[in-house]
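Q: Need the 3D shape of this:
(one chain, ligands or ions: 2)
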Amino acid sequence: MKQRLLVVANRLPVSANRRGEDQWSLEISAGGLVSALLGVKDVDAKWIGWAGVNVPDEVGQRALTRALAEKRCIPVFLDEEIVHQYYNGYCNNILWPLFHYLGLPQEDRLATTRNFESQFNAYKRANQMFADVVYQHYKEGDVIWCHDYHLMFLPKCLKDHDINMKVGWFLHTPFPSSEIYRTLPSRSELLRSVLCADLVGFHTYDYARHFVSACTRILGLEGTPEGVEDQGRLTRVAAFPIGIDSERFKRALELPAVKRHITELTQRFDGRKVMLGVDRLDMIKGIPQKILAFEKFLEENHEWNDKVVLLQIAVPTRTDVPEYQKLTSQVHEIVGRINGRFGTLTAVPIHHLDRSLDFHALCALYAVTDVALVTSLRDGMNLVSYEYVACQGSKKGVLILSEFAGAAQSLGAGAILVNPWNITEVADSIKHALTMSSDEREKRHRHNYAHVTTHTAQDWAETFVCELNETVAEAQLRTRQVPPDLPSQAAIQQYLHSKNRLLILGFNSTLTEPVESSGRRGGDQIKEMELKLHPELKGPLRALCEDEHTTVIVLSGSDRSVLDENFGEFNMWLAAEHGMFLRPTNGEWMTTMPEHLNMDWVDSVKNVFEYFTERTPRSHFEHRETSFVWNYKYADVEFGRLQARDMLQHLWTGPISNAAVDVVQGSRSVEVRSVGVTKGAAIDRILGEIVHSKSMITPIDYVLCIGHFLGKDEDIYVFFDPEYPSESKVKPDSSGSVSLDRRPNGRPSNGRSNSRNSQSRTPKAQAAPERSSSSSSSSQGTPNSHHDWREGSSVLDLKGENYFSCAVGRKRSNARYLLNSSEEVVSFLKEMADATAAHNGFQSTTADYMFLDRQ
Ligand SMILES: O=P(O)(O)OC[C@H]1O[C@H](O[C@H]2O[C@H](CO)[C@@H](O)[C@H](O)[C@H]2O)[C@H](O)[C@@H](O)[C@@H]1O
Ligand SMILES: O=c1ccn([C@@H]2O[C@H](COP(=O)(O)OP(=O)(O)O)[C@@H](O)[C@H]2O)c(=O)[nH]1
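A: Ligands and ions are numbered 1, 2, ... in the order given. Down below sits the predicted model:
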């Protein structure tokens, strides 16, 4: 069975004319996209789009739907008002000029600004109408290919409806530099919606690069060589340059009708060189610039005055948009002036036609003309240049091509490239083209012809669809490696039925208030840099901390003062600087640093960090006692990344290259720590202290460890995992400090399957834990409590089902489970606290009854 492809574009590839109440005549309008898709093998394609006419009555709609079905087309009916607001307004008056570097319209009335808002709403509504039609026709496994700037909301509508739809989006226009794009008021909403697609395609690498850069700069997301990553989800972004069905043009040249046209045209312009322009009458096509350059050429080369003619086909387009109406008058005015100036009684230098030609007439024109002049100020690709080359097999005419058309990337070697704004340069190029030797014309043509005939529209569409299928398959593989969501009910039930629980919680991005992660420009740096406990967590956290069977540790990279400030009021343990400092909130800070921690590197690293901070605006660094962190989250994202790369070079090859440090890369940070400073390495010493000071007599039979930890710190998840081979013992080290002295050997190959839940891990205490001399000396307030650990008794009695390691917002993780954001952590801990309150309430009520019974 062929795969089904639903092509969704603003316009259907047919033009419809009403012939009676329920009669329609349809004519295929064979643009590049149509022939591209007609030629794609192994797919069964259908089009969904607007028929370009207003059909207000149901009889007409039903009749048109039937007629279109025969052409494999499905209509979306848009009424006049929505067409006005969505198509003329938001698409063609806002997005189109912006994407072609003409900027947003400047208005002087508030009413017009309100208009933009209503146009944007109409745009969203129209996209939803396209989506509704897609839902009606979609079958599982279909590929949905959305086209162009008209449908930037469609990927989101589709994925919201069914996340499993395979969705691609292709832009036929340029995507402008992020510096232009970011002026658009709805910039983020549109980008986020496009990113819902699985694959996003552009004509050129530049456009793709601009898009990725807009996503990193405006949304603060990660740009990778594959595309854009948002919390582990990748939207693939790539260039797919369109082509034409060159065979169709070559075949047309053999048709008698076309041959007849060719003969007529040859006779008509005998003795004159003929230059050709074929464009929609659009400001992006640079028609005034083209005509002015021609005027300059005539002015400077009088000998050519009656020996050359410019045929300009200007196809009317978007005629309801005022800017297009103004352009028509402007072009007429210039043409009239030049013809008046250089024309004679029998001939004029410019033949300007405000109309379209049929395919045969167009092919004949392409074949007989000596030079094609394409002067687009910006153009997504420009198929006219391809079509001209395809029809010039015998004549080998010259193509003058704007360097601002996407086609310049593929036909640049054979064409004469020009900057259309440089009228002198274009005029000179006209002369060069008209006087070019046949040898040079032949060489240039050969190059372009080879490209146009081998990079066909069919290849383009096949490559896109194939890449989309592959992208989805790869994403499914990646999804399988993503930890499943935390089973909150199971985690809570096990918690309730355990006797001695340990909750280890990270701080940053785990218990903090979420901030708008819009990168350098959107976010409020000063506010964001000050980490604050999520206000809704205070109640649940207090309740959990007060439970006598629960020990809560906040384990963070932050320094002591940050933890003091946020958690001082709770009855819990604080472990700062990745666990190098520890205190119960009712006691003083002690150090749990391994003995002989080498800190000789500090001054050198500080120099490097200062150097880069000074030279990277809006970057900053934190100097902690056992580590340094340089953060460039708010700096220019690309510059920050370059600086980070440079900094890493310094660190790896400079004076500290042999020091006992680890260099840890975060997504927008570089951290240098002493070797051995990780959360996993610290946890055994922390546990020793807690066991020691709390006089625990029951082994810990429940561990929940939740955090947004760097890969380096994920050793903590493995540390507790009962499914790893364990020789972990509580034993005193040489200094007498207690340590659960186990280092995991690595992950088992079967990952995190739930079948791992049965094994029990019961590390034995070899000796009574005693407080270390080092920690004793630094701890000033830890009570030297009694404890009942005897040799051979267990510190941890963990079974798989009682251990919950959970990454927050990191889909690539060794944790067993995942919570997507700190908001989800808040909901989960609230639920846990509520369930505990209910459970304890029930138990105490039951106990009261039993007591009463006994009485
Ligand atoms: O449908 P209209 O509003 O009349 O506009 C016609 C088309 O114009 C744009 O064409 C672009 O696509 C070409 C093929 O990829 C490309 O070569 C050219 O550079 C672009 O301008 C527009 O993107 C289409 O959606 C319109 O249908
Ligand atoms: O009278 C005409 C003039 C042009 N075209 C077609 O219009 C398309 C123009 O595409 P291009 O990529 O050059 O620019 P766009 O108009 O899409 O911006 C080409 O396929 C032309 O063959 C046409 O069908 N009739």
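Q: give me the number of residues near His447?
A: Around His447 there are 15 other residues, counting by other C-beta atoms under 10 Å. Where you see a C-beta, it was placed from the backbone N, CA and C, and this is true even at glycine.
Q: Can you report phi and psi for it?
A: phi -60, psi -50 (degrees, to the nearest 10).
Q: isn't it right up against Ala415?
A: No. Counting by C-beta atoms under 8 Å, His447 stays clear of Ala415, with 9.0 Å between them.
Q: Which residues of the stretch 51-200 of the chain lie near ligand 1?
A: 148, 172-173 (C-beta under 6 Å from any ligand atom).
Q: So Lys830 sits against Pro540, correct?
A: Yes. Contact criterion C-beta under 8 Å: Lys830 and Pro540 qualify, at 4.7 Å.
Q: distance of Leu710 from ligand 2?
A: 48 Å (C-beta to the nearest ligand atom, to the nearest Å).
Q: State the pLDDT value of that residue.
A: Looking at Leu710, its pLDDT reads 90.
Q: Specify the beta-bridge partners of the residue nearest to the spatial centre of the chain.
A: Compute the mean C-alpha point of the chain, and by C-alpha atoms, centre = their mean the closest residue is Val228, 3.4 Å away. Val228 has these beta-bridge partners by DSSP bridges: Gly223, Thr235.
Q: list the contacts for it?
A: 195, 212, 215-216, 221-222, 234-235, 237 (C-beta atoms under 8 Å, 6 or more residues apart in numbering).
Q: of all these, which comes closest to ligand 2?
A: The nearest member of the contacts of Val228 to ligand 2, counting by C-beta to the nearest ligand atom, is Val237 at 21.9 Å.
Q: Can I take it that the closest one is in a helix?
A: No. Judged by DSSP: H, G, I helix; E, B strand; the rest coil, Val237 forms no part of a helix; its state is strand.
Q: what about it, neighbour count?
A: Val237: 25 neighbours (other C-beta under 10 Å).
Q: can you pull the contacts of the residue in the stretch 1-150 of the chain positioned nearest to ligand 1?
A: With C-beta to the nearest ligand atom, the shortest gap between the stretch 1-150 of the chain and ligand 1 falls at Asp148, namely 4.3 Å. Asp148 makes contact with 9-10, 170-173, according to C-beta under 8 Å, 6+ apart.
Q: How about Lys259?
A: Lys259 neighbours (C-beta under 8 Å, 6+ apart): Leu253.
Q: For my notes, please list the residues of the stretch 51-200 of the chain next to ligand 1 in JSON lines and give secondary structure and pLDDT for each entry.
A: Conversion of those to JSON lines gives the following (DSSP: H, G, I helix; E, B strand; the rest coil; pLDDT from 0 to 100):
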{"residue": "Asp148", "secondary structure": "coil", "pLDDT": "97"}
{"residue": "His172", "secondary structure": "coil", "pLDDT": "97"}
{"residue": "Thr173", "secondary structure": "coil", "pLDDT": "97"}
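Q: Could you export those residues as TSV, including distance to Arg560?
A: Listed next are these as TSV, based on distance: C-beta to C-beta, whole Å:
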residue	distance to Arg560
Asp148	55
His172	57
Thr173	54
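Q: correct me, but Gly412 touches Leu399?
A: No. With contact defined as C-beta under 8 Å, Gly412 does not count as touching Leu399 (10.1 Å).
Q: Compare the two (neighbour count), which wins?
A: Leu399 (24 against 16).
Q: Check the secondary structure at that one for me.
A: Going by three-state DSSP: Leu399 is strand.
Q: pretty sure it contacts Val418?
A: No. The pair Leu399 / Val418 is not scored as a contact, 10.6 Å apart, by C-beta under 8 Å.
Q: those strands in the stretch 601-750 of the chain, which residues are they?
A: Secondary structure of the stretch 601-750 of the chain (DSSP state E, counting those that start in this stretch): strands located at 620-623, 627-631, 661-665, 669-674, 702-707, 730-732, 738-740.
Q: As JSON lines, the ones you listed with distance to Gln649 and mean pLDDT would be great.
A: Output for those, formatted as JSON lines (distance: least, C-beta to C-beta, whole Å; pLDDT from 0 to 100):
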{"stretch": "strand 620-623", "distance to Gln649": "17", "mean pLDDT": "92"}
{"stretch": "strand 627-631", "distance to Gln649": "14", "mean pLDDT": "93"}
{"stretch": "strand 661-665", "distance to Gln649": "11", "mean pLDDT": "90"}
{"stretch": "strand 669-674", "distance to Gln649": "11", "mean pLDDT": "93"}
{"stretch": "strand 702-707", "distance to Gln649": "30", "mean pLDDT": "96"}
{"stretch": "strand 730-732", "distance to Gln649": "42", "mean pLDDT": "37"}
{"stretch": "strand 738-740", "distance to Gln649": "37", "mean pLDDT": "36"}
